[in-house]
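Asks: predicted structure and sequence below. I'll ask about it afterward.
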Amino acid sequence: MDYRAMIEDLEIQISMLPIGYISKKNINGNVYYYQQWTENGKVKSKYIKKSELEQFEGQIAKRKQLEKELKDLKEKEKKHVEVISYVPHKERYKTNVVFGTALQDMGEAVRGYEARPCFEELTNYLDSPEVDKICILYGLKRTGKTTLIRQALFRMTKIQLDRSAYIKIIKSNTMEELAQDLKDLYDKKVRYVFIEDVTNVSDFIESASVLSDVFAATGMKIVLSSREPLSFWNVIHDELYHKAEMIHTTFISYGEYGVIMDNDSLDNYMEFGGVLGEEKPEFDEYIGKNGELTEDIQKGIEKICRRFLSKILTREYVEQKLGLTSKVSIWERRKDKQPQYVEVPEIYNDTTINLLKDLDFVKECPVAGINDTVEEVKEFLFLQPGRKYLKCKELIEPFLKELKFGNLSAHDKQIIVEGVLEEIRNCILKDIVLFETGRGVSERYRAFRLHFPEGSFDMVVYDKEQNQCTVFEIIDEMEVQQKNYKNLIDDAKINELEKRYGKITTKYILYRGEDYFEDDKIVYMNVENYLKSL
């Protein structure tokens, strides 16, 4: 009996199933279920939607059964008295190759999952008669790349599945081994190949073009994914150029996030949005470890967030929040040379910013000045709003120390932190609305933020064909006060806007309350409903 072959088969099947166990938590009378497991000595968890619980329980049970079978097989192998010289058959591959009924099981694992909009791009690639190109699922970690592959398998016909294979790469694999396996698969009439963690191949960057130039050119449809988008970025610039169809998975809209996570809380999206699952990986887990490049990216993100936070967290803000202005005289502040704000260098490193854009971390914010006297300062929108929120939250305490407020009492610090986080969420909400509106409108429209010498409109949507516009104020509040929309009733600003961008057809206030309409032609609209409608 060939125990070694049977053991390898079981190990591959087990690697396809979720690890750990299911835990149950009762929160405010509601029961929530989580997958829990231990990784590198740390307990990790991931939320399980109720609609997926039964299926998940089956997968966990299946894994436990296979693990028991594996243990028994290994025991039998140890007791086997004969010395077996194991020689791989033609069916044995140098990489972890899965085909046949196992592919069907992988597809079944995502039955009932909502398809993301980018899934259509993947099916278009698989169905296209075009050859010579591979397909890259390109995105930060935990943005649904594995699920996309499984959904592609689920939609395949029996004939297509019979001509498909899935490969899981490990760090010891080489491109030579992968190429040999692909050749063997091609000889067996396999024409659809899905390769996960392909950047684990030691010489992937130097040899990636063989996938497009040799195998895709013969008619193979090859779909690649990786947990390290930085390696993909390198290979696209060095090897693949225009030989790859790129499917970007990083951006997940508010509406889509609510469906996938079965939770449409806008607060949750602002704080964690863009990362699927509750466990948030370390920064270098998102992009891959690449020495100086990874460090440059971290510094670039920190600089963007420091600049953003420096506009909110000033000495004046702290004093007003804590009522310190009357307690600390101007003379005393000057005497101690206490900083009024945290200084942040103006200059961004263009190379780092371009890399952040290429990796789908940020996008340059569309801004305009009402006239030549208004400087158009660079602003950046994060594709994952939670990334900006968590980094800014992390920077609050260092900022307080730089402002000489490091010795605040726990109570006073809590007041400041809560106030700053509220301001951050308000700004992030404006970013989310602007970014998603810009993505949702056609070429006929332009969505941007408009700055005046004093103040700004959160969003203007300009109709280039009709030379008219709509204007928006965005407020993270349930109730609206006049101070929240003073720009909308400022005749001078309205006149300046209409001179440049045509007649204003509608004025909107997006907020957390109910929809209604006022006589002065201001439309109040629930911001969650607005975002879901895009």
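Replies: That came in fine, so what should we check first? All values reported here derive from a predicted model rather than from experimental measurement.
Asks: need the three-state assignment for the closest residue in space to Arg63 that isn't next to it in sequence.
Replies: Once flanking residues are discounted, Arg63 sits nearest to Leu17: 4.0 Å by CB to CB, 6 or more residues apart in numbering. In short, each C-beta sits where N, CA and C put it, glycine included. When classified by DSSP: H, G, I helix; E, B strand; the rest coil, Leu17 comes out as coil.
Asks: contacting residues for Phe399?
Replies: Residues in contact with Phe399 (CB atoms under 8 Å, 6 or more residues apart in numbering) are 309-310, 313, 342.
Asks: type out the PyMOL command that picks the buried ones from those.
Replies: Selecting the buried subset of those in PyMOL, with 16 or more other CB atoms under 10 Å as the burial test, is done by:
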select buried, resi 309+310+313+342
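Asks: tell me the one among the contacts of Phe399 nearest to Glu120.
Replies: Nearest to Glu120 out of the contacts of Phe399 is Leu309 (CB to CB; 38.2 Å).
Asks: show the pLDDT at that closest one.
Replies: Listed pLDDT for Leu309 reads 94.
Asks: which SSE is immediately downstream of the helix ranked longest in the chain?
Replies: The residue-count maximum for a helix in the chain (DSSP state H) belongs to helix 410-440. Next in sequence after helix 410-440, counting helices and strands by DSSP states H and E, comes strand 445-451.
Asks: ok, that next one: who's next to it in the sheet?
Replies: Strand pairing for strand 445-451, using DSSP bridges, gives strand 367-369 (parallel), strand 456-463 (antiparallel).
Asks: can you redo these as CSV with mean neighbour count?
Replies: Formatted as CSV, the strands paired with strand 445-451 follow (neighbours: other CB atoms under 10 Å):
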stretch, mean neighbour count
strand 367-369, 16
strand 456-463, 21
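Asks: these: which one's closest to Asn407?
Replies: Across these, Asn407 has its closest neighbour in strand 456-463 (35.5 Å, CB to CB).
Asks: that closest one: how far from the chain's middle?
Replies: Here the centre of strand 456-463 is set off from its chain's centre by 26 Å, with CA atoms, centre = their mean, to the nearest Å.
Asks: list the contacts of the following helix or strand past that strand.
Replies: Heading C-terminal from strand 456-463, the first helix or strand you meet, by DSSP H and E, is strand 468-474. For strand 468-474, the external contacting residues (CB under 8 Å, 6+ apart) are 429-430, 433, 457-463, 484-485, 487-488, 497, 501-511, 527.
Asks: quick one: buried ones out of these?
Replies: The buried subset of those (16+ other CB under 10 Å) comprises 429-430, 433, 457-463, 484-485, 487-488, 497, 501, 504, 507-511, 527.
Asks: any idea which of the strands paired with strand 445-451 scores lowest on pLDDT?
Replies: It's strand 367-369: among these, that one has the lowest mean pLDDT, namely a mean of 91.
Asks: neighbouring strands - and their directions - for the helix or strand containing Ile167?
Replies: Using DSSP H and E, Ile167 sits within strand 164-168. Partner strands for strand 164-168, per DSSP bridges, with pairing direction: strand 96-98 (antiparallel), strand 192-196 (parallel).
Asks: buried deepest among these, which one?
Replies: Highest mean neighbour count among the strands paired with strand 164-168 (mean count of other CB atoms under 10 Å): strand 192-196, with a mean of 23.
Asks: list of residues touching that strand?
Replies: For strand 192-196, the surrounding residues in contact (CB under 8 Å, 6+ apart) are 126, 145-146, 149, 152-153, 156, 160, 163-169, 178, 182, 185, 215, 220-226.
Asks: in helices, which of those appear?
Replies: Using DSSP H, the members of the contacts of strand 192-196 that fall in helices are 126, 145-146, 149, 152-153, 160, 178, 182, 185.
Asks: save those as CSV, and put in neighbour count too.
Replies: As requested, the ones in helices among the contacts of strand 192-196 are exported to CSV (neighbours: other CB under 10 Å):
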residue, neighbour count
Leu126, 18
Lys145, 24
Thr146, 18
Ile149, 22
Ala152, 24
Leu153, 23
Gln160, 17
Leu178, 26
Leu182, 25
Leu185, 22
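Asks: so which of these is the closest to Glu477?
Replies: Checking the ones in helices among the contacts of strand 192-196 one by one against Glu477 (CB to CB), the nearest turns out to be Lys145, at 37.0 Å.
Asks: what is the burial count for the residue nearest to Arg63?
Replies: Neighbourhood size, Leu17 [other CB atoms under 10 Å]: 19.
Asks: and if you look at Thr38?
Replies: Burial of Thr38 is recorded as 10 neighbouring residues (other CB under 10 Å).
Asks: for Ser442, same thing?
Replies: Neighbours around Ser442, by other CB under 10 Å: 5.
Asks: His242: neighbour count?
Replies: The number of residues near His242, taken as other CB under 10 Å, comes to 9.
Asks: how about Leu266?
Replies: When neighbours are defined as other CB under 10 Å, Leu266 has 19 of them.
Asks: next one: it relative to Ile424, how far apart?
Replies: 14 Å (CB to CB, to the nearest Å).
Asks: ditto for Val527
Replies: Distance, Val527 to Ile424, by CB to CB: 16 Å.
Asks: buried ones in the longest helix of the chain, by neighbour count?
Replies: Under the neighbour-count rule (16+ other CB under 10 Å), helix 410-440 has 412-413, 416-417, 419-421, 423-425, 427-438 buried.
Asks: for Lys189, which non-adjacent residue is spatially closest?
Replies: Spatial nearest neighbour of Lys189, excluding adjacent residues (CB to CB, 6+ apart): Arg163 at 5.8 Å.
Asks: I'd say the one you found and Tyr186 touch.
Replies: No. Checked against CB atoms under 8 Å, the pair Arg163 and Tyr186 is beyond contact range at 10.4 Å.
Asks: please flag which of the contacts of Phe399 sit within helices.
Replies: Reading helices off the contacts of Phe399 with DSSP H, I get 309-310.
Asks: of the contacts of Phe399, closest to Glu479?
Replies: Closest approach to Glu479 among these (CB to CB): Leu313, at 25.2 Å.
Asks: nearest residue to the closest one in space, please, no chain neighbours.
Replies: That would be Phe399: by CB to CB, 6+ apart, it lies 4.9 Å from Leu313.
Asks: phi and psi next, for that neighbour.
Replies: phi -60, psi -40 (degrees, to the nearest 10).
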